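Engineer: Here is the input, now give the coordinates:
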Amino acid sequence: MAKAKRNSWTFNLLRVFIYALLFGGGLVLSAYLGLIFFQYYLTNDSLVLPDFRNQSLVEVINQISRLGLQSEIKRIENNPDLPPNWVIQQDPPPGVEIKKNHRVKLVINGGEGIAVATEGGVSSGSTATSSTATATATSSVPDVRQMSLEEAQYIIENSGLKVERIVEVTHDIIPAGYVVSQNPPPQSEVRKGSVVSLLVSKGKGEVQVSLVTTPDLVGLRLEEAKRLLAQNNLTVGNVEEVEVEGKSEGIVMGQSPSAGEQVEPGEKINLRVTKQPPEEETTGLKELTLRFALPSSRSPIEVKIVVNDEMGERIVYEKEHQGEEIVELVTLTKGEGKVFIYLNGYYYWDKTLN
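Structural biologist: Numbering: from 1, shown residues only. This next block holds a predicted model:
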């Protein structure tokens, strides 16, 4: 009898151990599969389209931009029972799986007495005041990049902002009539009634006057610089002579506009060239060596170095660089003073001359 009880107890213990093992293995397998699905979710460049209906147009545009999608106003309807600028329909419909950069077409309610965007432009009815327009003193700037100019104007104006300046530029990718960039940038918080400037594409090869890239003239002799400018359909503007001991005369030390800038044909390029100082003025000159790294930046940085000493205030260096590049300069100074460094026109650093 005791032996039977012992066998039963052993069997129950073995069964509990097997259940625990199966349960633990199931947990490990579930965690592994969950990790696989989570990694797939992170790396997959597709998404399930949310429901944008029954929301304001500005809010929907911002959501679409954050999801990496593009938006397009497909049609405008006038339904007096719905608020103005209200999304009525969307294409594709909610719940559809789409790829990033896919274009979502929206049908919105124009309402009565508000600006209505059409294929021919923006038409206005009677003035209507939205109750939400005065609810707050600030407004979030919508993202209108890569939208048509008509759509961008419509969205900006219905966000309580104004389109002040429209500049047209050529662009190889963005078609004519579509916004390339904007200022202030998207999602900026600005006051109601603030102005937004737009850079709009002219398209590729549709410009009557092709811009010219300014060549790098620094280090060339003045005659060589003039010849290179003529080859690029540019002309010489003001030539400022800077007295530098130990350097040959007529060497270009700086230029404006800087190398790499886009200018119109025939633009005048101002130059600064070296000039040997008279012997009586060379006494007390010292050689100043500067070497520093620029901060990280996605956009080019215009570097300007100004020296203010006994010889007066003068620009000794002005050139465009990329972020994190090393700037090196050797110049002459006289007596006490200071050297100032400016990046994109803003003060960056200074050094006292002894």
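Engineer: Mind jotting down where the helices sit in the stretch 1-150 of the chain?
Structural biologist: With DSSP state H, counting those that start in this stretch, the ranges of helices along the stretch 1-150 of the chain come out as 2-43, 57-66, 149-157.
Engineer: Show the low-confidence segments of the stretch 201-350 of the chain, by residue range.
Structural biologist: Applying pLDDT under 70 to the stretch 201-350 of the chain flags residues 205-209, 245-246, 277-283.
Engineer: For it, which segments are assigned as helices?
Structural biologist: 222-231.
Engineer: how close does the residue nearest to I174 when sequence neighbours are not counted sit to R145?
Structural biologist: Closest residue to I174 apart from its sequence neighbours, by Cβ to Cβ, 6 or more residues apart in numbering: S201 at 4.3 Å. In this view, the C-beta of every residue, glycine as well, is placed from N, C-alpha and C. Distance, S201 to R145, using Cβ to Cβ, to the nearest Å: 11 Å.
Engineer: Which one's more surrounded, those two?
Structural biologist: Neighbours per residue, other Cβ atoms under 10 Å: of S201 and R145, the larger number sits with S201, 22 against 18.
Engineer: Correct me if wrong: the more buried one contacts P175.
Structural biologist: Yes - contact criterion Cβ atoms under 8 Å: S201 and P175 qualify, at 6.4 Å.
Engineer: Would it be right to say that V180 lies in a strand?
Structural biologist: Yes - membership of V180 in a strand is supported by DSSP: H, G, I helix; E, B strand; the rest coil.
Engineer: So it sits against V167, correct?
Structural biologist: No - using Cβ under 8 Å as the test, V180 is too far from V167 to be in contact (9.2 Å).
Engineer: overlap in contacts of those two?
Structural biologist: 199-200 (Cβ atoms under 8 Å, 6 or more residues apart in numbering).
Engineer: Given the host helix or strand of E164, what are its sheet partners and their directions?
Structural biologist: Element membership for E164 (DSSP states H and E) is strand 162-170. Applying DSSP bridges, strand 162-170 is found paired with strand 195-203 (parallel).
Engineer: Got the domain ranges for this structure?
Structural biologist: Here the domain parsing of the chain from automatic domain parsing is 47-203, 209-280, 284-354.
Engineer: Rebuild the ones you listed as JSON lines, extending it with distance to I18.
Structural biologist: Listed next are the domains of the chain as JSON lines, based on distance: least, Cβ to Cβ, whole Å:
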{"stretch": "domain 47-203", "distance to I18": "41"}
{"stretch": "domain 209-280", "distance to I18": "74"}
{"stretch": "domain 284-354", "distance to I18": "59"}
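Engineer: picking up where we left off before, look up the residues forming beta bridges with the residue nearest to I174.
Structural biologist: So, taking DSSP bridges as the rule, S201 has V169 as bridge partners.
Engineer: State the distance from it to S65.
Structural biologist: Using Cβ to Cβ, S201 is found at 18 Å from S65.
Engineer: Strands along the stretch 151-300 of the chain, start to end?
Structural biologist: Using DSSP state E, counting those that start in this stretch, the strands of the stretch 151-300 of the chain run over 162-170, 179-183, 189-191, 195-203, 212-213, 235-243, 252-256, 262-263, 268-275, 285-293.
Engineer: thought S188 was touching P142?
Structural biologist: No - with contact defined as Cβ under 8 Å, S188 does not reach P142; the gap is 10.0 Å.
Engineer: Which one of these two is surrounded by more residues?
Structural biologist: Legend: neighbour count by other Cβ under 10 Å for S188 and P142, higher for P142 (24 against 14).
Engineer: Count the residues that sit near K286.
Structural biologist: Neighbour count of K286, defined by other Cβ under 10 Å: 12.
Engineer: got it, and the one 10 residues further on?
Structural biologist: Residues contacting S296 under the criterion other Cβ under 10 Å number 9.
Engineer: measure it to G250 for me?
Structural biologist: Distance, S296 to G250, by Cβ to Cβ: 37 Å.
Engineer: residue contacts, I315?
Structural biologist: 254, 272, 304-306 are the contacts of I315 under Cβ under 8 Å, 6+ apart.
Engineer: Name the residues linked to it by a beta bridge.
Structural biologist: In this entry, I315 is beta-bridged to V306, by DSSP bridges.
Engineer: And it, how far from T274?
Structural biologist: 14 Å.
Engineer: just checking, A176 touches L149?
Structural biologist: No - the criterion here is Cβ under 8 Å, and A176 misses it with L149 at 9.6 Å.
Engineer: returning to that earlier point: intersection of neighbour lists for S201 and R145?
Structural biologist: 179-180.
Engineer: how close does I166 get to V195?
Structural biologist: For I166 relative to V195 (Cβ to Cβ), the value is 11 Å.
Engineer: Report how many residues lie close to E249.
Structural biologist: Quick note: E249 (other Cβ under 10 Å) scores 13 neighbours.
Engineer: So what's the gap between stretch 98-106 and the chain middle?
Structural biologist: Distance of stretch 98-106 from its chain centroid, counting by Cα atoms, centre = their mean, to the nearest Å, is 22 Å.
Engineer: and if you look at stretch 263-278?
Structural biologist: Distance of stretch 263-278 from the chain centroid (Cα atoms, centre = their mean) equals 32 Å.
Engineer: Can you tell me what sits against it?
Structural biologist: Stretch 263-278 has contacts (Cβ under 8 Å, 6+ apart) with 209-212, 214, 217, 222, 225, 229, 233-245, 247-257, 315.
Engineer: No further questions, thank you.
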